[in-house]
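J.: Got a predicted structure here, sequence first:
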Amino acid sequence: MKSHLVLMRTILQELGDGCCTSTTLDWKTIERRVEHEGLEFLTITLPSFAKDFLKCLDQGYVDSTHFLSFKKRACLPAFLQGFTSLVFDSQSGLLLHTPEISAIHSVLQICNLFSKVELPCSDAREHAAFRQYVETDKEIQETFASIDPILMDEFKEVSFSLWREIFIEMDESIYNGDIVPKHGPGATADGIRGNAKFRQQQWTQRLEELFPHGEFVFPNWRYFDADRVELLEPENELPVRVISVPKTQKTPRIIAIEPACMQYVQQGLLERLVMSIERHDSLSVLIGFDDQVPNQELARIGSQDGSLATLDLSEASDRVSWPLVQALVDRHPLFKEALDCTRSRRADVPGHGVIPLFKYASMGSALCFPVEAMVFLTIVIMGIRRERGYHISPRALSREMRGKVRVYGDDIIVPVEYVRSVVSLLEAFGLKVNSNKSFWTGKFRESCGKEFYDGRDV
């Protein structure tokens, strides 16, 4: 902990000198609170201060609901007031007409310095994360049961218009046997690692229907051994193994480790799907899988002219239900079957045993990231179309939204005038918009790890 405090004191002093403000009292506050609260003051409390600061920037003023764990002096917290008073009026709490950009940068640097430090969570926080994983799956099942059938029909219509050519290509690739599976570098639920993955000993009956092990497991028929591979019936399939990995000290990241056979075919479908989308000019500008820069650039533009909003979703992958993904590919039977047979239906969750899954896939499936992004983009286009009127086709609308809409995982960019409609529809489908990381009213925007105020990187 001593090294953390040494680094914090150095950063604090340098940033204070840069803004011509004293940080002596701020340092005393940090020392005192770390002594009483431990390292969590640096890793949890200060990042919460940064979140409140950003929400105040977005709404244009500081009110009594923010900075609750810090003493106030007038309208602003006493802590870091040398910086925050260069951004907000200390008496009224209103955002200054020309806030000091360097002060905004300083507050974020100080408060987020240890937000991502790789430290284990407490057992209680880890157990709570596993419990939330299970509860979220139950929640989306209840939410889906209450979705208006007319809304689902609209989702299917927009999806068919947007993705028809992509899904036709996927159907053809599966039919023609053009999917080339491959193993990923990570762990598997069955504990197979490295080159041992190429001696596949288990295959599921569900995979066998579409991806026969004789063609997908062996390099050629000379190597075929009917007794080597065990075909598992659905009830005997290995569940995904749910684990926690470090994210922040406040909460771990919950991921699921797939069985080797599932991951093997998922990787092949992923490669073909991404390649098809990237070849499609009108879609590739709206959705991305390996380049965050377009999202970051649109966030910068949105912070400068206020035209674009940045939205972030909480528990994004865990809230995309399997029935919603089925609706996405409703008219494309082969791709629909491929997504089904490469989807693990059960999960082994610490403290909860093996549970059935209503979600499409957990983070850890190779197809989770692209499929969820396609679902989100479909809903975004639905929301914009509702505002614009149903006379315009989803495909024409997607072409018009070039440079205005962009989806990268759960980081979403949309024009500000359509935010309310888009957020309403996202939540109608059981998704949760993270209000602490979504911005559209002020001059602050954040997307894919980049933060901007009035066009400047802070």
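T.: Structure received.
J.: Look at Phe417 and give its secondary structure.
T.: To be clear, residue 417 is Glu; Phe isn't right here. helix (DSSP: H, G, I helix; E, B strand; the rest coil).
J.: How much space separates the closest residue to it other than its chain neighbours from Arg164?
T.: Nearest residue to Glu417, sequence neighbours excluded (CB to CB, 6 or more residues apart in numbering): Glu387, at 7.1 Å. Bear in mind the C-beta positions are built from the backbone N, C-alpha and C, glycine included. According to CB to CB, to the nearest Å, Glu387 and Arg164 sit 23 Å apart.
J.: cool, and Asn195?
T.: Asn195 is 40 Å from Arg164, by CB to CB.
J.: And the two? Which one has more around it.
T.: Between Asn195 and Arg164, counting by other CB atoms under 10 Å, Arg164 is the more crowded of the two (13 against 8).
J.: and that one, what element?
T.: Using DSSP states H and E, Arg164 maps to helix 149-175.
J.: Determine the set of other helices and strands touching that helix.
T.: helix 260-278, helix 281-284, helix 322-328, helix 333-341, helix 368-388, helix 394-400 (3 or more CB pairs under 8 Å, 6 or more residues apart in numbering; DSSP states H and E).
J.: I'd like the next helix or strand past the last one.
T.: Helices and strands here follow DSSP H and E; after helix 394-400, the next one along the chain is strand 406-408.
J.: as a whole number, average confidence for that following strand?
T.: Mean per-residue pLDDT for strand 406-408: 94.
J.: helices and strands around that strand, which ones?
T.: Counting by 3+ CB pairs under 8 Å, 6+ apart, strand 406-408 packs on strand 287-288, helix 293-305, helix 368-388, strand 411-415.
J.: Just the CA trace of the third one, in PDB.
T.: In other words, helix 368-388. The C-alpha trace of helix 368-388 is given here as PDB (Å, rounded to 0.1, in the frame of the first residue of the first chain):
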ATOM      1  CA  CYS A 368     -21.100 -13.600 -27.700                       C
ATOM      2  CA  PHE A 369     -19.500 -10.300 -28.700                       C
ATOM      3  CA  PRO A 370     -20.600 -10.100 -32.300                       C
ATOM      4  CA  VAL A 371     -24.100 -11.500 -31.800                       C
ATOM      5  CA  GLU A 372     -24.900  -9.100 -28.900                       C
ATOM      6  CA  ALA A 373     -23.600  -6.200 -31.000                       C
ATOM      7  CA  MET A 374     -25.900  -7.200 -33.900                       C
ATOM      8  CA  VAL A 375     -28.900  -7.400 -31.400                       C
ATOM      9  CA  PHE A 376     -28.000  -3.900 -30.100                       C
ATOM     10  CA  LEU A 377     -27.700  -2.400 -33.500                       C
ATOM     11  CA  THR A 378     -31.000  -3.800 -34.600                       C
ATOM     12  CA  ILE A 379     -32.700  -2.200 -31.500                       C
ATOM     13  CA  VAL A 380     -30.900   1.100 -32.200                       C
ATOM     14  CA  ILE A 381     -32.300   1.200 -35.700                       C
ATOM     15  CA  MET A 382     -35.700   0.300 -34.400                       C
ATOM     16  CA  GLY A 383     -35.600   3.200 -32.000                       C
ATOM     17  CA  ILE A 384     -34.400   5.700 -34.700                       C
ATOM     18  CA  ARG A 385     -37.100   4.500 -37.100                       C
ATOM     19  CA  ARG A 386     -39.800   5.000 -34.500                       C
ATOM     20  CA  GLU A 387     -38.800   8.600 -34.200                       C
ATOM     21  CA  ARG A 388     -38.400   9.100 -38.000                       C
END
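J.: For stretch 248-268, the averaged confidence score.
T.: Mean predicted lDDT for stretch 248-268 stands at 89.
J.: List the residues that contact Thr21.
T.: Thr21 sits next to Gly82, Phe83, Leu86 when contact means CB atoms under 8 Å, 6 or more residues apart in numbering.
J.: ok, the closest residue to Ser69 other than its chain neighbours to Asp63 distance?
T.: Spatial nearest neighbour of Ser69, excluding adjacent residues (CB to CB, 6+ apart): Thr45 at 6.3 Å. Computed with CB to CB, the distance linking Thr45 and Asp63 is 20 Å.
J.: neighbour count winner among the two?
T.: More crowded of Thr45 and Asp63, by other CB under 10 Å: Thr45, with 16 against 11.
J.: Correct me if wrong: that one contacts Phe67.
T.: No - using CB atoms under 8 Å as the test, Thr45 is too far from Phe67 to be in contact (10.5 Å).
J.: In JSON lines: the helices and strands packed on helix 149-175, plus mean neighbour count and distance to Ile413.
T.: Converted to JSON lines, the helices and strands packed on helix 149-175 look like this (neighbours: other CB atoms under 10 Å; distance: least, CB to CB, whole Å):
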{"stretch": "helix 260-278", "mean neighbour count": "21", "distance to Ile413": "17"}
{"stretch": "helix 281-284", "mean neighbour count": "15", "distance to Ile413": "15"}
{"stretch": "helix 322-328", "mean neighbour count": "20", "distance to Ile413": "21"}
{"stretch": "helix 333-341", "mean neighbour count": "19", "distance to Ile413": "26"}
{"stretch": "helix 368-388", "mean neighbour count": "22", "distance to Ile413": "9"}
{"stretch": "helix 394-400", "mean neighbour count": "17", "distance to Ile413": "14"}
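J.: Please name the residues that touch the closest residue to Lys250 other than its chain neighbours.
T.: Distances taken as CB to CB, 6+ apart place Ile44 nearest to Lys250, at 4.7 Å, with adjacent residues excluded. Contacts for Ile44 (CB under 8 Å, 6+ apart) come out as Thr248, Gln249, Lys250.
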